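**Q** here is a sequence together with a model predicted from it:
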Amino acid sequence: MTNILTPLKIKNIELKNRIVLPPLVRFSLIDEDGFVTDRLIEWYERIAQDEVGMIIVEATCVAEDGKLRENQLGLWDDKFIEGLKKVSDIGKKYNVPMFIQIHHAGFKEKIAEVSENILDDILEKFVLAFERAKKAGFDGIEIHGAHTYLLCQLNSAMWNKRDDKYGGDFERRMFFNKALIERTKYLFDDNFILGYRMGGNEPSLDDGIEIAKYLEKLGVDILHVSSGAPDPKFKQEVKIDNFPEDFPLDWVIYMGTVIKKYVNIPVIGVRKIKTEKEASWLIENNLLDCVAVGRAMIFQPHWMVKARESYLKRAGKKDESK
């Protein structure tokens, strides 16, 4: 039976286990110039030493005017490659695959008012950022299409009311993704893979399912299901209809378990996973392929080490890695 310590191979990239460090933006570890710092390197090395299955480096911006806030990693110039290579080298040192998440904050509800020329320019910046990410030595790229940022805004049937190549019907709302993936196809091979962090509610879970299936057709290798742009009708924490009362974990994790049923590529689930037992339940019941553990990794030092020990003790197995 598959468990949290079962390896997973995606093309030639092998994860030692099913636990992923999601792209946590560590604002407190980064300066306003967008460069990698020694503090940030120490953070990623600490996680890699504990041998998680994969690390996804935090949202890294394609444009100086597209940042979440001033102290966010940048990739809009070749000058950032050297520092980011120090991060990707950590993965090679500990044999932990490392992706980097590529991001633009976007324009929120005003996405329909942005000119085509501006979006054309941002698309070009994404392409250049992809090229730099590969030069920096990462094992793959995760496109950030969730959390109400640029691609989420374009994907959203609720926010994207454009009537041009970047919006209208479903295919035009997905045009940016399609063009980006097609224009960068030459970068991806068996040793460099493409991930996508998507909103499961865009604004409904049915929309998320449709987006996931389309992304798989475009050639995405792995999906990371998180939250999207929610319908404002939801005033409570749960932002989807028909969330089962008996589901024991967060509603965003639930969306990942549903979307997994509709695609053939691996799916990462994320949100409020704190314990090994929670992660194990999701993997052992084939509800997800990987589980992302974020804040617990920050607040519980050596979370992965303790999770490995917890699982082996519960399963009555010996640690064969020692």
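**A** All right, it came through fine.
**Q** roughly how far out does stretch 64-76 sit from the chain middle?
**A** Chain-centre distance of stretch 64-76: 17 Å, with CA atoms, centre = their mean, to the nearest Å.
**Q** how far does whichever strand or helix holds Lys306 sit from the chain's center?
**A** Per DSSP states H and E: Lys306 is located in helix 303-315. From the chain centre to the centre of helix 303-315 is a distance of 25 Å (CA atoms, centre = their mean).
**Q** same for it, what does it pack against?
**A** Counting contacts by 3 or more CB pairs under 8 Å, 6 or more residues apart in numbering; DSSP states H and E, helix 303-315 is packed against helix 276-284, helix 295-299. C-beta: built from backbone N, CA, C; applies to glycine.
**Q** how about 6 Å then?
**A** In terms of contacts (3 or more CB pairs under 6 Å, 6 or more residues apart in numbering; DSSP states H and E), helix 303-315 is packed against helix 276-284.
**Q** can you pull the buried residues of the helix it packs on?
**A** 276, 278-284 (16 or more other CB atoms under 10 Å).
**Q** hmm, back to that, how far off helix 276-284 does the helix holding Lys306 point, in degrees?
**A** Put simply, helix 303-315 runs at 70 degrees to helix 276-284, going by axes from the mean of the first three to the mean of the last three CA atoms, to 10 degrees.
**Q** tell me the buried residues in helix 303-315?
**A** By 16+ other CB under 10 Å, the buried positions in helix 303-315 come out as 303-304, 307-308, 310-312.
**Q** same question for stretch 41-57.
**A** Neighbour counts over stretch 41-57 (16+ other CB under 10 Å) mark 41, 43-45, 47-48, 50-57 as buried.
**Q** distance between that stretch and the chain's centre?
**A** Going by CA atoms, centre = their mean, the spacing between the C-alpha centre of stretch 41-57 and its chain's C-alpha centre is 15 Å.
**Q** end to end on that stretch, go ahead and measure it.
**A** End-to-end distance for stretch 41-57, by CA to CA, to the nearest Å: 11 Å.
**Q** got a list of contacts for the helix holding Lys306?
**A** Helix 303-315 is touched from outside by 4, 19, 50, 52, 276, 296-297, 319, with contacts defined as CB atoms under 6 Å, 6 or more residues apart in numbering.
**Q** make it 7 Å
**A** 3-5, 19, 50-52, 276, 279-280, 293, 296-297, 318-319 (CB atoms under 7 Å, 6 or more residues apart in numbering).
**Q** so what pLDDT did the residue nearest to Leu119 when sequence neighbours are not counted get?
**A** Closest residue to Leu119 apart from its sequence neighbours, by CB to CB, 6 or more residues apart in numbering: Tyr166 at 5.3 Å. Per-residue confidence (pLDDT) for Tyr166: 98.
**Q** and stretch 144-152, end to end?
**A** Distance between the boundary residues of stretch 144-152 (CA to CA) amounts to 8 Å.
**Q** number of nearby residues for Ile118?
**A** Residues within reach of Ile118, counting by other CB atoms under 10 Å, total 11.
**Q** for it, which residues are in contact?
**A** Counting by CB under 7 Å, 6+ apart, Ile118 has no contacts.
**Q** quick check: phi and psi on it?
**A** phi -70, psi -40 (degrees, to the nearest 10).
**Q** now do Asn12
**A** When quoted as degrees, to the nearest 10, the phi and psi of Asn12 stand at phi -90, psi 0.
**Q** now it. Nearest residue, chain neighbours left out?
**A** Nearest to Asn12 is Asp190, by CB to CB, 6+ apart, at 4.4 Å.
**Q** from the buried residues of stretch 41-57, which land in helices?
**A** 41, 43-45, 47-48 (DSSP state H).
**Q** what's the helix or strand for Lys317?
**A** Secondary structure assignment for Lys317, by DSSP H and E: no helix or strand.
**Q** count of neighbours near it?
**A** Lys317: 11 neighbours (other CB under 10 Å).
**Q** helix, strand or coil for the residue nearest the centre of the chain?
**A** For the chain, Arg197 is the residue whose C-alpha lies nearest the centre (CA atoms, centre = their mean; 3.9 Å). Following DSSP: H, G, I helix; E, B strand; the rest coil, Arg197 is assigned to strand.
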